[in-house]
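Q: Next come a sequence and a model predicted from it.
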Amino acid sequence: MLLAGIIDENADLSFFERLAGHTLINLRDIRRINSYGVRAWIEGVRSVPRGTTFELVECPPSVVDQINMVAGFLGRGQVTSFLAPMECDRCHHAEERLFFTSEFRQLGRLPESACTRCGGSLHIDDVEEQYLVFAREAAD
């Protein structure tokens, strides 16, 4: 399942109550979530039937921020992969990179990444400790 656009007061998140078995929810194309959207999202994840599991994949920074800030945003869901804003040390090119939560937990850090423009080293263009709170907490 792929979600796209903006999660706000107009977002239809009723699909949560109809989930069954195990579902992957791709959030790569979510551009923004406002406060009404956060409330609707939390109501949605609370309506997921018992015994149903879901994974959030390719979570963009807008979603990662909400996961980190809002208690209950994940419900019983798991973050499998996420996008992180990265910047090159050499040429300062900015890009988003996909990372897997399991790999981060195994390494205890983000894996090394090379810039697609110049080959230089990329670093997270955010406060790493704050951006990755969700991945560290879930591992505890």
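A: Alright, I've got the coordinates. Numbering: from 1, shown residues only.
Q: what about residue 83, neighbour count?
A: Other residues lying near residue 83 total 19 when counted by other C-beta atoms under 10 Å. For glycine as for every other residue, the C-beta is placed from the backbone atoms N, C-alpha and C.
Q: mind listing what it touches?
A: 28, 58, 59, 60, 61, 64, 96, 97, 98, 99 (C-beta atoms under 8 Å, 6 or more residues apart in numbering).
Q: got the buried residues for the helix or strand that residue 65 is a member of?
A: Using DSSP states H and E, the element containing residue 65 is helix 61-69. Within helix 61-69, the residues that count as buried by 16 or more other C-beta atoms under 10 Å are 61, 62, 63, 64, 65, 66, 67.
Q: List phi and psi for residue 41.
A: Backbone geometry at residue 41, expressed as degrees, to the nearest 10, gives phi -60, psi -50.
Q: could I get the buried residues of helix 61-69 as TSV with pLDDT and distance to residue 42?
A: Listed next are these as TSV, based on pLDDT from 0 to 100; distance: C-beta to C-beta, whole Å:
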residue	pLDDT	distance to residue 42
61	97	19
62	96	16
63	97	13
64	97	16
65	96	15
66	97	10
67	97	11
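Q: Kindly reformat those as a markdown table containing distance to residue 114.
A: Output for those, formatted as a markdown table (distance: C-beta to C-beta, whole Å):
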| residue | distance to residue 114 |
| --- | --- |
| 61 | 20 |
| 62 | 25 |
| 63 | 25 |
| 64 | 22 |
| 65 | 26 |
| 66 | 29 |
| 67 | 27 |
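Q: Partner strands of the helix or strand hosting residue 26, with direction?
A: In this structure, residue 26 sits in strand 22-33 according to DSSP H and E. Each strand that pairs with strand 22-33, with its direction, by DSSP bridges: strand 2-7 (parallel), strand 53-57 (parallel).
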